[in-house]
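>>> Would you be able to build a 3D model of this:
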Amino acid sequence: LSIKDGLAQNSAISIAQDSTGYLWIATQDGLNKYDGRSFTKYPYIFADVTRPNYSHLGKVYVDRKGTVWCIPYDKKLHRLNAKANRFEPLEVTSDATIIYQDRDLNYWVGTYRTGIVLLDSLGRKLPLPSPIAAGSTCYDILQEGTNMLLATDRGVLRVGLASKKALDTLRHTATGQLVT
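As a prediction, this is how the structure comes out:
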(Lines give C-alpha, C1' and ligand atoms only; values in the text may rest on other atoms or scores of the structure.)
Protein backbone atom coordinates (compact mmCIF):
# COMPACT_ATOMS: atom_id res chain seq x y z
CA LEU A 1 0.00 0.00 0.00
CA SER A 2 1.29 3.44 -0.92
CA ILE A 3 0.22 6.92 -1.94
CA LYS A 4 -0.60 5.43 -5.35
CA ASP A 5 -3.37 3.48 -3.60
CA GLY A 6 -4.63 6.52 -1.68
CA LEU A 7 -2.53 6.32 1.50
CA ALA A 8 -1.86 9.84 2.80
CA GLN A 9 1.92 9.30 3.01
CA ASN A 10 4.27 6.35 2.42
CA SER A 11 5.96 6.33 5.86
CA ALA A 12 3.80 4.57 8.44
CA ILE A 13 4.29 5.60 12.08
CA SER A 14 1.96 3.01 13.61
CA ILE A 15 -0.42 0.35 12.27
CA ALA A 16 -3.31 -1.50 13.95
CA GLN A 17 -6.15 -3.72 12.76
CA ASP A 18 -9.61 -3.45 14.32
CA SER A 19 -12.10 -6.26 14.99
CA THR A 20 -13.90 -5.71 11.67
CA GLY A 21 -10.67 -6.03 9.68
CA TYR A 22 -9.98 -2.39 8.89
CA LEU A 23 -6.33 -1.39 8.89
CA TRP A 24 -5.54 1.88 10.69
CA ILE A 25 -2.32 3.46 9.45
CA ALA A 26 -0.87 6.55 11.12
CA THR A 27 1.34 8.64 8.83
CA GLN A 28 2.87 12.09 9.13
CA ASP A 29 0.19 13.35 6.73
CA GLY A 30 -2.85 11.82 8.42
CA LEU A 31 -4.56 8.82 9.98
CA ASN A 32 -5.85 6.40 7.35
CA LYS A 33 -8.50 3.66 7.58
CA TYR A 34 -8.16 1.02 4.88
CA ASP A 35 -11.11 -1.27 4.08
CA GLY A 36 -9.26 -3.47 1.58
CA ARG A 37 -10.16 -1.28 -1.40
CA SER A 38 -9.90 2.37 -0.44
CA PHE A 39 -8.74 4.75 2.27
CA THR A 40 -10.66 7.09 4.55
CA LYS A 41 -8.45 9.87 5.90
CA TYR A 42 -8.76 11.50 9.32
CA PRO A 43 -7.11 14.87 10.00
CA TYR A 44 -4.59 13.75 12.59
CA ILE A 45 -0.91 14.35 11.96
CA PHE A 46 1.88 12.16 13.31
CA ALA A 47 5.54 13.13 13.65
CA ASP A 48 8.15 12.92 10.91
CA VAL A 49 9.92 9.56 11.25
CA THR A 50 12.99 10.79 9.41
CA ARG A 51 14.10 13.04 12.26
CA PRO A 52 17.10 11.51 14.08
CA ASN A 53 16.82 10.82 17.82
CA TYR A 54 13.14 11.64 17.97
CA SER A 55 10.66 9.49 19.87
CA HIS A 56 7.48 11.62 19.80
CA LEU A 57 5.97 9.67 16.93
CA GLY A 58 2.42 8.86 18.07
CA LYS A 59 0.36 5.71 18.08
CA VAL A 60 -2.78 4.04 16.76
CA TYR A 61 -4.17 1.28 19.02
CA VAL A 62 -7.16 -1.07 19.06
CA ASP A 63 -8.30 -2.17 22.52
CA ARG A 64 -9.83 -5.48 23.68
CA LYS A 65 -13.35 -4.24 22.87
CA GLY A 66 -12.36 -3.15 19.35
CA THR A 67 -12.30 0.59 20.05
CA VAL A 68 -9.71 2.52 18.04
CA TRP A 69 -7.51 5.06 19.82
CA CYS A 70 -4.84 7.39 18.50
CA ILE A 71 -2.17 9.63 19.94
CA PRO A 72 -1.25 12.12 17.18
CA TYR A 73 1.35 14.89 17.14
CA ASP A 74 -0.49 16.93 19.81
CA LYS A 75 0.21 14.06 22.32
CA LYS A 76 -3.46 13.97 23.35
CA LEU A 77 -5.43 10.76 23.58
CA HIS A 78 -8.28 10.47 21.05
CA ARG A 79 -10.96 7.74 20.99
CA LEU A 80 -13.00 6.84 17.91
CA ASN A 81 -16.72 7.46 18.24
CA ALA A 82 -17.72 4.79 15.71
CA LYS A 83 -21.32 5.99 15.38
CA ALA A 84 -20.23 9.54 14.50
CA ASN A 85 -17.13 8.29 12.62
CA ARG A 86 -14.87 10.82 14.34
CA PHE A 87 -12.20 10.83 17.00
CA GLU A 88 -12.93 12.59 20.28
CA PRO A 89 -10.19 13.83 22.59
CA LEU A 90 -10.00 12.67 26.20
CA GLU A 91 -8.71 15.46 28.39
CA VAL A 92 -6.66 13.19 30.67
CA THR A 93 -3.15 14.24 29.60
CA SER A 94 -1.46 16.36 26.97
CA ASP A 95 1.69 14.27 27.19
CA ALA A 96 0.63 10.77 25.99
CA THR A 97 3.03 8.29 24.37
CA ILE A 98 1.25 4.93 24.53
CA ILE A 99 -2.03 3.30 25.58
CA TYR A 100 -2.67 -0.29 26.66
CA GLN A 101 -5.82 -1.98 27.96
CA ASP A 102 -5.26 -4.60 30.66
CA ARG A 103 -7.33 -7.76 31.24
CA ASP A 104 -9.58 -5.85 33.68
CA LEU A 105 -10.35 -3.43 30.81
CA ASN A 106 -8.57 -0.51 32.47
CA TYR A 107 -6.34 1.68 30.30
CA TRP A 108 -2.73 2.42 31.13
CA VAL A 109 -1.57 5.60 29.41
CA GLY A 110 2.16 6.23 29.29
CA THR A 111 3.50 9.77 29.03
CA TYR A 112 6.71 11.61 28.21
CA ARG A 113 7.27 13.03 31.70
CA THR A 114 4.19 12.92 33.94
CA GLY A 115 4.04 9.19 34.65
CA ILE A 116 1.26 6.69 34.12
CA VAL A 117 -2.36 7.78 33.86
CA LEU A 118 -4.86 5.03 34.70
CA LEU A 119 -8.36 5.10 33.19
CA ASP A 120 -11.40 2.90 33.75
CA SER A 121 -13.18 1.12 30.88
CA LEU A 122 -15.18 4.30 30.14
CA GLY A 123 -12.08 6.50 29.94
CA ARG A 124 -12.43 8.14 33.36
CA LYS A 125 -9.28 8.80 35.38
CA LEU A 126 -8.65 6.37 38.25
CA PRO A 127 -6.55 7.21 41.31
CA LEU A 128 -3.16 5.56 41.81
CA PRO A 129 -1.80 4.86 45.32
CA SER A 130 1.42 6.65 44.32
CA PRO A 131 2.85 8.06 41.07
CA ILE A 132 4.16 5.46 38.63
CA ALA A 133 7.09 6.31 36.31
CA ALA A 134 6.85 10.06 37.04
CA GLY A 135 9.70 11.92 35.35
CA SER A 136 10.28 9.03 32.91
CA THR A 137 9.30 8.57 29.30
CA CYS A 138 7.15 5.47 28.86
CA TYR A 139 7.70 3.87 25.44
CA ASP A 140 5.64 0.68 25.71
CA ILE A 141 3.31 -1.18 28.05
CA LEU A 142 2.39 -4.82 28.23
CA GLN A 143 0.73 -7.19 30.65
CA GLU A 144 2.52 -10.30 31.85
CA GLY A 145 0.35 -12.38 34.18
CA THR A 146 -0.46 -10.34 37.27
CA ASN A 147 2.00 -7.58 36.41
CA MET A 148 2.27 -4.70 33.99
CA LEU A 149 5.65 -4.09 32.34
CA LEU A 150 6.45 -0.50 31.42
CA ALA A 151 9.38 0.14 29.08
CA THR A 152 10.79 3.51 30.16
CA ASP A 153 13.94 5.52 29.59
CA ARG A 154 15.06 4.35 33.07
CA GLY A 155 14.56 0.63 32.50
CA VAL A 156 11.65 -1.80 32.50
CA LEU A 157 9.35 -1.10 35.43
CA ARG A 158 7.27 -3.97 36.85
CA VAL A 159 3.96 -2.84 38.40
CA GLY A 160 1.52 -5.07 40.28
CA LEU A 161 -1.80 -5.17 38.44
CA ALA A 162 -3.87 -5.45 41.64
CA SER A 163 -1.83 -3.09 43.84
CA LYS A 164 -1.04 -0.55 41.08
CA LYS A 165 2.34 -0.11 42.76
CA ALA A 166 5.83 -0.33 41.28
CA LEU A 167 7.53 -3.57 42.34
CA ASP A 168 10.98 -3.23 40.79
CA THR A 169 12.92 -1.94 37.79
CA LEU A 170 14.94 -4.08 35.40
CA ARG A 171 17.96 -2.06 34.32
CA HIS A 172 20.12 -4.90 32.98
CA THR A 173 19.44 -7.91 30.79
CA ALA A 174 20.17 -11.48 31.92
CA THR A 175 23.60 -11.12 30.24
CA GLY A 176 24.39 -7.94 32.18
CA GLN A 177 23.86 -5.45 29.37
CA LEU A 178 22.17 -2.14 30.18
CA VAL A 179 18.51 -1.97 29.08
CA THR A 180 18.23 0.84 26.52
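>>> In which helix or strand does the residue nearest in space to the middle of the chain reside?
Closest residue to the average C-alpha location of the chain: residue 98 at 2.5 Å, with Cα atoms, centre = their mean. In the assignment (DSSP states H and E), residue 98 maps to strand 96-101.
>>> After that strand, which helix or strand is next? Please name it.
strand 107-111.
>>> quick one: that next one to strand 96-101, angle?
Relative orientation of strand 107-111 versus strand 96-101 (axes from the mean of the first three to the mean of the last three Cα atoms, to 10 degrees): 160 degrees.
>>> who does strand 107-111 pair up with?
Strand pairing for strand 107-111, determined by DSSP bridges: strand 96-101 (antiparallel), strand 117-119 (antiparallel).
>>> residues touching residue 16, list them.
Taking Cβ atoms under 8 Å, 6 or more residues apart in numbering as the criterion, residue 16 is in contact with 23-24, 60-62, 68. For every residue, glycine as well, the C-beta is placed using N, CA and C.
>>> which one of those is nearest residue 137?
residue 61 (17.5 Å; Cβ to Cβ).
>>> neighbours around the closest one, how many?
Using other Cβ atoms under 10 Å, residue 61 has 19 other residues around it.
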